[in-house]
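Novice: give me a model of this one.
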Amino acid sequence: MNLTNTYRESLVVYIDILGFREMIEESRKAVSKVQEILELLKAIKSEFAAHGRVHRTDAGKIIKIFSSHDFSDLVVRCTEIPSGAPVGDYIDSEIFHLGYKQVFLVIEGVLIRGGMCIGEMLVANEGIVFGPALVKAYDLESKYAVYPRIVIDRDLVHKAEREGYISSWRDWVQRGEDGAYYLDYLFGSSLTGFVIPDSPKTYDLLLRHQRMIEDSIKGMNRRDERVKQKLIWLALYHNSVIARLCERVPKYSKDLRDFLLPEGVLEF
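Specialist: Residues are numbered from 1 along each chain as shown. This is a model prediction of the structure:
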């Protein structure tokens, strides 16, 4: 028995692509769709395998603590949290990275949902991954995310609040009406664009996000209630971000209102 294979505390993110089943069905009728799916999965794999953390030990040795695993449209990101390491730093890094990845995927029309938590996880040398944290992240994605959002485990958020390391990413986390915390990707990236030089420009992000929603609504199958509910949620989320930005940076409120989705757009 190899006793070195033990669970380790890790930050785990489970992500999948919304509408992937429909993509597969379309690919059965059009060969060109197969290549499109392949290119999409290559891009997703590359994007989510990037920005992994490493850890420097007290002896100065650099060790790998991040791994990314994928199967079909599913991606798992796992970052082991070394003993005594500042947990908040690891969450900061993951949230900022995922937030920007999500905003750029959405404006390209790729909707994702997922779950994020901290817990016990085993990543074996053979590339095998399992553990309670993976089960929890999967449950967050499959049972609670529902809409195109990455749900963050409430235990993680509450612990961050108690231990005082949530302040730097509070603008990237929102609590929904259903009580679930989720990655506030559009608000966080838009607000950052106003205050940090060389960040993606806020107006460009908002305009592209707005147009993607409008185009998706125009092109949807009106009889598909599941897609309809996801787009309604996304449109309401978009408008809530505009409203919150107007409150947070009132000097830009006049321009920001241009990016509101009209009420008529939501009546479909």
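Novice: from here on, just use CA atoms for contacts and neighbour counts.
Specialist: Fine.
Novice: need the distance between the two termini of stretch 165-183.
Specialist: 16 Å (Cα to Cα, to the nearest Å).
Novice: ok, stretch 64-76 next?
Specialist: End-to-end for stretch 64-76, by Cα to Cα: 16 Å.
Novice: what's next to it, contact-wise?
Specialist: 12-17, 20, 41, 45, 48-49, 52-55, 77-81, 127 (Cα atoms under 8 Å, 6 or more residues apart in numbering).
Novice: those residues, buried ones only, as a ChimeraX selection?
Specialist: The ChimeraX selection below is limited to those of the contacts of stretch 64-76 classed as buried (16 or more other Cα atoms under 10 Å):
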select :12,13,14,15,16,17,20,41,45,48,49,52,53,55,77,78,79,80,81
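Novice: pairing partners for the helix or strand of the chain with the lowest mean pLDDT, with directions?
Specialist: The weakest-scoring helix or strand in the chain, judged by mean pLDDT, DSSP states H and E, is strand 54-56 (a mean of 79). Next to strand 54-56 in the sheet, as set by DSSP bridges, lie strand 62-64 (antiparallel).
Novice: following the partner strand, which helix or strand shows up next?
Specialist: strand 66-71 (DSSP states H and E).
Novice: what's the following helix or strand after that next one?
Specialist: Sequence order places strand 74-80 as the next helix or strand after strand 66-71, per DSSP H and E.
Novice: sheet partners, orientation included, of that next one?
Specialist: Using DSSP bridges, the strands paired with strand 74-80 are strand 8-17 (antiparallel), strand 66-71 (antiparallel).
Novice: wasn't Arg113 part of a strand?
Specialist: Yes - according to DSSP: H, G, I helix; E, B strand; the rest coil, Arg113 belongs to a strand.
Novice: ok, it touching Tyr144?
Specialist: No - using Cα atoms under 8 Å, Arg113 is not in contact with Tyr144; the gap is 9.8 Å.
Novice: which residues do those two both contact?
Specialist: Counting by Cα under 8 Å, 6+ apart, the shared contacts of Arg113 and Tyr144 are Val151.
Novice: Lys42 and Glu36, how far apart?
Specialist: Lys42 is 10 Å from Glu36, by Cα to Cα.
Novice: what about the residue nearest to Val265 when sequence neighbours are not counted, how many residues nearby?
Specialist: Counting by Cα to Cα, 6 or more residues apart in numbering, Glu214 is the residue found nearest to Val265 once chain neighbours are left out, at 7.2 Å. If you count neighbours by other Cα atoms under 10 Å, Glu214 ends up with 17.
Novice: begin at 45 from now on, thanks
Specialist: I'll keep to 45 as the first residue from here, and by that count the last item is Glu258.
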